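Student: test case, fold it:
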Amino acid sequence: MSVTVGYPGPVGSHSGAAAAVLVPDAVRSVGLPSFTAVVDAAAAAEVTLGVLPIESSLIGPIAETHDLLYRAPLSIVREASLPIHHCIVGVAGATLDAATTLRSHPAAFDQCRELLAELDVRCIPAASTADAAREVADSRDPRVLAIASHEAAEHYDLEVIADDVGDHPTAFTRFVALAPYTQIAGTDGWRTALSFVTDHRPGALFHALGAFARYNVNLVQLVSRPLPNSPWRYRFDAVLDGHVFDPTVRPALRDLRAETRELRLFGSYPAEVK
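Tutor: Take a look at the predicted model:
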């Protein structure tokens, strides 16, 4: 079977680079216009796998990806972390001093707060950092800059005006590959992603998390996200060590289900090798 992969953004996006790492056997890579388009394409089997960023070492969880996973009939099947190097790019002759507008993905803005505090510019969000670079190239305006990658600058014939503009010199983003299935092979080095909703009562979260403690299951991540149709109510997205058939994870999930109003699995997948 030929493998195709979809990712948000045109050539030069960080997700495109992640797709090459996560799906090295892909015969075709497809840049799609948005995170939602990636999820829709993977759910409809228009691509074999979809790739999205899910967590930044600087700003934490990528909320859009978490919310799309909650609604989509997809599972996480692979993960990989990539170092992220943000640059300021512009057309020939552009300078930071003359800039009036800066384009990028909102996550990139969050990762470059120290830079933005020093600039007097209007920040305009783009679907991806590569889209921002393309928009700058199309504008031909030296007053319009973008936060993007070296690859995007090269692809759109832009100049790198400032390099490594992120708040920290070593920043990483974790990306995941999504598919409408889960495949489990072997026993060691797995993770399981899930989401649950507790009752609105004192101690509800404590009792829910107790399921993991009872069976000595390591909780890797816990994220709260608002429920769109229930103001001021939240769900909890979690990642834990082990897969759904693990002899400790399976009873923990059974107990968790008894303590929650809703439980959804986002898949079991091989943990990234550090």
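Student: state the helix or strand in which Val160 lies.
Tutor: According to DSSP states H and E, Val160 maps onto strand 159-162.
Student: distance from that strand to the middle of the chain?
Tutor: Between the centre of strand 159-162 and the centre of its chain there are 26 Å (CA atoms, centre = their mean, to the nearest Å).
Student: state the mean pLDDT of the helix or strand that comes right after that strand.
Tutor: Counting by DSSP H and E, the element after strand 159-162 in chain order, helix or strand, is strand 172-179. The average of the pLDDT scores along strand 172-179 is 96.
Student: can you check stretch 84-101 too?
Tutor: Averaging the model's pLDDT scores along stretch 84-101 yields 95.
Student: go on, stretch 248-266?
Tutor: Average pLDDT, stretch 248-266: 96.
Student: now do the same end-to-end measure for it.
Tutor: Criterion CA to CA, to the nearest Å; first-to-last residue distance in stretch 248-266 is 18 Å.
Student: show me the contact partners of it.
Tutor: By CB atoms under 8 Å, 6 or more residues apart in numbering, the surrounding residues in contact with stretch 248-266 are 69-70, 74-76, 182, 192-199, 204, 207-208, 210-212, 214-217, 235, 237, 240, 242-244. The way it works is simple: take the backbone N, C-alpha and C, and place the C-beta from them, glycine included.
Student: now swap in stretch 60-69 and tell me
Tutor: Taking CB under 8 Å, 6+ apart as the rule, stretch 60-69 contacts 35-36, 39, 52-56, 76, 107, 176, 178, 193, 195, 221, 223, 225, 237, 266.
Student: same thing but 10 Å
Tutor: Stretch 60-69 is touched from outside by 8, 34-36, 38-40, 43, 50, 52-56, 74-76, 105-107, 110, 173-176, 178, 193, 195, 221-226, 228, 235, 237, 264, 266-267, with contacts defined as CB atoms under 10 Å, 6 or more residues apart in numbering.
Student: CA atoms only for it - export them in PDB, please.
Tutor: Extracted as PDB, the C-alpha positions of stretch 60-69 are listed here (Å, rounded to 0.1, in the frame of the first residue of the first chain):
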ATOM      1  CA  GLY A  60       2.900  23.600  26.300                       C
ATOM      2  CA  PRO A  61       0.000  21.900  24.600                       C
ATOM      3  CA  ILE A  62      -1.200  23.100  21.200                       C
ATOM      4  CA  ALA A  63      -4.800  23.700  22.000                       C
ATOM      5  CA  GLU A  64      -6.100  23.400  18.400                       C
ATOM      6  CA  THR A  65      -4.700  19.900  18.000                       C
ATOM      7  CA  HIS A  66      -6.100  18.700  21.300                       C
ATOM      8  CA  ASP A  67      -9.600  20.100  20.500                       C
ATOM      9  CA  LEU A  68      -9.600  18.500  17.000                       C
ATOM     10  CA  LEU A  69      -8.600  15.200  18.400                       C
END
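Student: strands of the stretch 51-200 of the chain, start to end?
Tutor: With strands called from DSSP state E, counting those that start in this stretch, the stretch 51-200 of the chain shows them at 60-61, 75-83, 87-90, 101-104, 122-125, 144-148, 159-162, 172-179, 190-197.
Student: most packed of those?
Tutor: Comparing the strands of the stretch 51-200 of the chain by mean neighbour count (mean count of other CB atoms under 10 Å), strand 144-148 ranks first with a mean of 30.
Student: distance between that one and the chain's centre?
Tutor: 21 Å.
Student: within its sheet, name the partner strands of it and how each one runs.
Tutor: strand 87-90 (antiparallel), strand 101-104 (parallel) (DSSP bridges).
Student: how about those in a markdown table, adding distance to Val165?
Tutor: Supplementary listing: the strands paired with strand 144-148 in a markdown table, determined by distance: least, CB to CB, whole Å:
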| stretch | distance to Val165 |
| --- | --- |
| strand 87-90 | 6 |
| strand 101-104 | 10 |
